[in-house]
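In: Quick one, what's the 3D model for this:
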Amino acid sequence: MATENKYKSEFIEILKDTGRENIDYVIEDLEDLGFFEAPASSKNHFNFEGGLVEHSLNVYKIAIMLKEQIIKLRPDIVNRIPDDSIAIAALLHDVCKADIYKKVVKKVKNEIGVWEPQESYNIDYSNFPLGHGEKSVIILLRSGLDLSDDEIIAIRWHMGGWDLPFQSSEMIASNKKAKDVCPLLTLIHTADTLAAGILEGK
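Out: Residues are numbered from 1 along each chain as shown. Here you go, the predicted model:
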């Protein structure tokens, strides 16, 4: 519990340091949604209580690290990926997951083939079934957070090719244009992929 509180405190401190208007309302809404207790996934990366806030911090830290390296090669791009936008997009990209995981107990076979109860998560989208990145954006706007266009784009498209709308040619074209005009999107998508696939991989 102490570790979880540490991550929550760090998350809130970074958010407040952005100086954004209404950020306290955003944090209150995250509390109400269960964000700080939610897992990051049902059975993959960080599928434990408090995993979502820890994953979000990992995405933020990787994004900041990547920016530091990128601007050594492209110093002209520094103003297009401000630190406060990285904090907002990285820490809040998965707000959509806060209310979808329901704790259950399932029977699973242990290493010697005996069935035993184990805590797990079911996924329930019934509360607000509105996709992934777009759901995060709408929740944040409803909380009163004034997102920049780049922040909206980065949060909306952070899943890249894993997003369901990629079945639509119009959505593919829209995402391609978003990547062309918004380096923050590529930064957040890359940081999210590295966090989930390597840092938090099993």
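
In: Give me the phi and psi for the closest residue to Gly144 other than its chain neighbours.
Out: Of all residues not flanking Gly144 in the chain, Asn22 sits nearest, at 3.7 Å (CB to CB, 6 or more residues apart in numbering). For the C-beta atoms, the positions are set from N, CA and C on the backbone; glycine is no exception. When read as degrees, to the nearest 10, the backbone of Asn22 gives phi 70, psi 10.

In: same question, Val114
Out: Main-chain torsions, Val114, degrees, to the nearest 10: phi -100, psi 130.

In: gap between it and Ser120?
Out: 17 Å (CB to CB, to the nearest Å).

In: the more surrounded of the two?
Out: Taking neighbours as other CB atoms under 10 Å, Val114 and Ser120 compare with Ser120 leading, 17 against 8.

In: Let me know the secondary structure of Val108.
Out: Of the three states, Val108 takes strand under DSSP: H, G, I helix; E, B strand; the rest coil.

In: show me what contacts it?
Out: For Val108, the contact set (CB atoms under 8 Å, 6 or more residues apart in numbering) comprises 115-116, 118, 120.

In: Pull out the buried members of the residues you listed.
Out: Neighbour-count burial (16 or more other CB atoms under 10 Å) applied to the contacts of Val108 gives Ser120.

In: For the contacts of Val108, please prepare CSV with the additional fields pLDDT and secondary structure.
Out: Shown next, in CSV, are the contacts of Val108 (pLDDT from 0 to 100; DSSP: H, G, I helix; E, B strand; the rest coil):
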residue, pLDDT, secondary structure
Trp115, 88, strand
Glu116, 85, strand
Gln118, 80, strand
Ser120, 79, strand
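
In: Just the closest of the contacts of Val108 to Asn47, please.
Out: When these are compared for distance to Asn47 (CB to CB), Ser120 wins out at 8.0 Å.

In: Quick check: bridge partners of the closest one?
Out: Beta-bridge partners recorded for Ser120 (DSSP bridges): Val104.

In: Can you tell me how far it is from Val105?
Out: Distance, Ser120 to Val105, using CB to CB: 7 Å.

In: what does Ala40 give?
Out: Remark: distance between Ala40 and Val105 (CB to CB) = 20 Å.

In: With neighbour numbers in mind, choose between these two.
Out: Set Ala40 next to Val105 and count neighbours by other CB under 10 Å: Ala40 wins out with 24 against 9.

In: got a list of what that one touches?
Out: Neighbouring residues of Ala40 by CB under 8 Å, 6+ apart: 46-47, 51-52, 54-55, 94, 97, 196, 200.

In: Likewise for Ala191?
Out: Taking CB under 8 Å, 6+ apart, one finds 59-60, 62-63, 66, 90 in contact with Ala191.

In: low-confidence ranges in this structure?
Out: Scanning the chain for pLDDT under 70 picks out 1-4, 161-180, 202.

In: Cross-check Trp129 against the secondary structure; I expect a helix.
Out: No Trp there; residue 129 is Pro. No - remark: Pro129 does not belong to a helix; assigned using three-state DSSP, it is coil.
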